[in-house]
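**Student:** Starting from these lines, generate the structure:
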Amino acid sequence: MDLSPLGKGRIYLATGAGTLFCVCAALFIDSFNFGSMSPEVLLRAILVDTLLPTALAGPLIWYFMSKLRALAIAHERLAIFASTDPLTGVLNRGALTALVEQRLASTPTDGLPVRGALLILDADNFKSINDSYGHEQGDVALKLITGATKDVLRKTDLLGRIGGEEFCVFLPNATQLTADAIGERIRRAVSVVRFTPGDQSHRLSVSIGGAVFDRRLPLSDLLRIADQQLYAAKQNGRNRVSISPIVQYESVPAAAA
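**Tutor:** Got it, this is the predicted structure:
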C-alpha cells in the first residue's frame with residue numbers, strides 16, 4: 001500500500017482509522033448511560049453510536065484526505081515543472097546547479113574522498129541545423145541527443161540542459177578512467193542516432209569537455225575548467241572528448257570565447 005502523500009493508501013488508512021476513532025469516542029461517551037438502559041435501548045444506542053459516526057465522519061475524512069492528496073500531487077507537478085527543462089525533460093540549469101552544489105557540499109561517507117567529474121556537452125554545428133531545417137527540427141535534434149546521453153549514464157549521474165544546445169553531466173565518485181569512458185560512450189551514442197530532417201540523413205555529434213576532481217571545489221571552477229576542455233575539443237575538430245584532472249589547471253585563466 002502506497003502511504004506516501006501522493007498515494008491513495010494514506011486516504012484509505014486515515015479514513016478507516018479516523019472513522020474507527022469517532023465510533024470508539026461515541027461509544028465511550030455513551031457508555032456511561034449503558035447501565036441504565038434496557039436491552040432494546042442499549043442495542044439501539046450502540047447502533048446509533050456506530051452507524052452515525054461512520055456515515056458522517058467517513059465521507060468527511062475521505063474528502064479531506066483526497067483534497068490533501070490533490071494538493072500534494074499539484075505541488076509535486078509544480079516542483080517538477082520548476083526544475084525541468086520543458087523541451088528535453090532533463091534538469092534545467094537552476095535545478096542542476098542546486099543539486100550539484102548540494103552534492104559537492106555533502107560530507108563523504110566511509111572515509112571516501114570527495115571526487116567526481118563534470119562534463120559539458122555541446123552539439124556540433126547546431127546553428128546549421130536550425131538554419132537548414134528550421135527550429136522545430138533543431139528541437140528534435142536536441143531531444144535525440146538528450147535521449148542518447150541518458151541511455152549511457154549511470155543511475156547516480158545528473159544530466160541537465162544549461163544552454164541552447166549545451167548540456168552538463170555530473171558524475172559523482174567518477175575517476176579519470178570512468179569519466180573518459182562515459183564521455184566516449186556519450187559521444188558514440190550521439191553519433192549513431194538516426195536524425196532525418198526533411199527525409200534527409202544528417203549526422204549528429206557532440207563535443208565534450210570535462211574536469212575530474214578529487215577534492216571539494218566550487219562549482220564555478222569545475223564549470224570553467226570543463227568549458228576550457230570543451231573549447232579544446234572544438235578547436236581540435238569537434239566530435240571529440242577532452243577531459244583532464246583539475247589539478248593540472250589550478251592557475252589557468254578562463255578559456256577564450
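
**Student:** mind checking pLDDT for the residue nearest the centre of the chain?
**Tutor:** The residue lying closest to the centre of the chain (C-alpha atoms, centre = their mean) is residue 91, at 6.4 Å. Per-residue confidence at residue 91 stands at 94 (pLDDT).

**Student:** Over to residue 257?
**Tutor:** 33.

**Student:** ok, now residue 79?
**Tutor:** The predicted structure scores residue 79 at 64 on the pLDDT scale.

**Student:** All the helices of the stretch 51-200 of the chain, residue numbers only.
**Tutor:** Assignment of helices within the stretch 51-200 of the chain using DSSP state H, counting those that start in this stretch yields the ranges 93-105, 126-133, 135-152, 176-191.

**Student:** Columns mean neighbour count and distance to residue 226 on top of the ones you listed, output as TSV?
**Tutor:** C-beta coordinates here come from the backbone N, C-alpha and C atoms, glycine included. Listed next are the helices of the stretch 51-200 of the chain as TSV, based on neighbours: other C-beta atoms under 10 Å; distance: least, C-beta to C-beta, whole Å:
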stretch	mean neighbour count	distance to residue 226
helix 93-105	15	12
helix 126-133	15	18
helix 135-152	17	15
helix 176-191	19	10
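
**Student:** a markdown table for those helices, including distance to residue 4?
**Tutor:** Conversion of the helices of the stretch 51-200 of the chain to a markdown table gives the following (distance: least, C-beta to C-beta, whole Å):
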| stretch | distance to residue 4 |
| --- | --- |
| helix 93-105 | 21 |
| helix 126-133 | 40 |
| helix 135-152 | 25 |
| helix 176-191 | 32 |
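
**Student:** Show me the one of those that comes nearest residue 84.
**Tutor:** Using C-beta to C-beta as the measure, helix 93-105 is the one of the helices of the stretch 51-200 of the chain that comes nearest residue 84, at 7.2 Å.

**Student:** can you give me the strands in the chain?
**Tutor:** Counting by DSSP state E, the chain forms strands over residues 116-123, 158-161, 166-172, 206-213, 241-245, given from the N-terminal end onward.

**Student:** and residue 57, which of these is closest to it?
**Tutor:** Closest to residue 57 of the strands of the chain, according to C-beta to C-beta: strand 158-161, at 45.9 Å.

**Student:** The closest one - what's its average pLDDT?
**Tutor:** Across strand 158-161, the average pLDDT comes to 96.

**Student:** repeat for stretch 211-219
**Tutor:** Per-residue pLDDT over stretch 211-219 has a mean of 89.

**Student:** rewinding a little: could you dump the strands of the chain into TSV and include distance to residue 69 and mean neighbour count?
**Tutor:** Rendered in TSV, the data for those read as follows (distance: least, C-beta to C-beta, whole Å; neighbours: other C-beta atoms under 10 Å):
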stretch	distance to residue 69	mean neighbour count
strand 116-123	37	26
strand 158-161	29	22
strand 166-172	33	22
strand 206-213	42	26
strand 241-245	45	21
